[in-house]
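S.K.: Any chance you can model this:
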Amino acid sequence: MSNQMTRVLDGETVLVTGAGGGLGRGIALAMAEVGARVVIAARRGSTGEETAQLIRAEGGEALAIETDVTSLEGMRQAVTAAVSHFGGLDILVHNATHGASGHPKNLEDFADDDWDNQLAVDLVGAHNCAVAAFDALHATGCGRLILLCSAFGLHGAALNPGYAASKGAIRGLTKALAREWGPFGITVNAVSPAALTPAAEAFFAMNPVLRDQYIANFPLGYMGREREDVGRAITALCNPNLSYVTGQIIQVDGGLYTAV
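M.R.: Numbering: from 1, shown residues only. So this is what the prediction gives:
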């Protein structure tokens, strides 16, 4: 774990959804290394426990909870467990996304429930997280809600309309909640990352020619690392020194997307 000088979230509790692997696991590990006690909310309890064990192996505190973000009651139970186990909840990071988000598909090829299923995790899940966590975040006097966004929500995503729609909506939700929750001392921001996740690796494995072409678009020359680049950027946004930042969409993508 990091040394004491860098443990800026010591004593704080963070709940990360979709933290059973991939980007969510990287965020959870990054939070733990700066002192946060981490609640891992994962759809499968076994993968959540794997993340918890990695955190404990580095000397951190973690609790794994099997949670479905599409269920408001499920999210209420996850928040209650966090408060009961660690005494409160300071930060919630909604990272969970539907598995179809990384699989391009024309709108006309969507099955009847494809659209609803994708938005249920990405967008309805964000709503459920916010509703479930409000009281706990308010109780801290300085709670933080972080939502995961995407540049696709701005410039669109060819062959991925559900993902673009949900991430565009999350931009609006972020700004609306920042205004609504500001008087309660809660900051609300979104992070728009570009990371070499397992899903991205799988896509490039199927389309190796596209890998170099795509990465060439990054001014910094590489796709972000889950923990080191994206996870640590999110921990920085939760630093008490940034408590005056709210309602913002932060691009953490190595300069890939620079338009407003």
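
S.K.: so what's Leu147 closest to, chain neighbours aside?
M.R.: Residue nearest to Leu147 in three dimensions, not counting chain neighbours: Ala190, with 4.4 Å by CB to CB, 6 or more residues apart in numbering. Yep, even glycine has a C-beta here, placed from its N, CA and C like the rest.

S.K.: Number of residues surrounding the one you found?
M.R.: The number of residues packed near Ala190 is 27, by other CB atoms under 10 Å.

S.K.: Isn't it up against Ile250?
M.R.: Yes - Ala190 lies in contact with Ile250 (CB atoms under 8 Å); the separation is 7.1 Å.

S.K.: helix or strand right after the helix or strand hosting the residue nearest to Leu147?
M.R.: When elements are assigned from DSSP states H and E, Ala190 belongs to strand 187-193. Next in sequence after strand 187-193, counting helices and strands by DSSP H and E, comes helix 198-206.

S.K.: tell me what that next one is packed against?
M.R.: Here helix 198-206 touches helix 208-215, going by 3 or more CB pairs under 8 Å, 6 or more residues apart in numbering; DSSP states H and E.

S.K.: Tell me the pLDDT of the residue nearest to Leu147.
M.R.: Looking at Ala190, its pLDDT is 98.

S.K.: need the contact list for it.
M.R.: Shown in contact with Ala190 (CB atoms under 8 Å, 6 or more residues apart in numbering): 146-149, 170-171, 174, 248-250.

S.K.: out of those, which one sits closest to Pro198?
M.R.: Leu148 (15.7 Å; CB to CB).

S.K.: and the closest residue to the closest one other than its chain neighbours, what does it touch?
M.R.: Closest residue to Leu148 apart from its sequence neighbours, by CB to CB, 6+ apart: Asn95 at 4.9 Å. With contact set as CB under 8 Å, 6+ apart, Asn95 has these partners: 16-19, 23-24, 27, 148.

S.K.: now do Asn239
M.R.: Contacts of Asn239 by CB under 8 Å, 6+ apart are 8-9.
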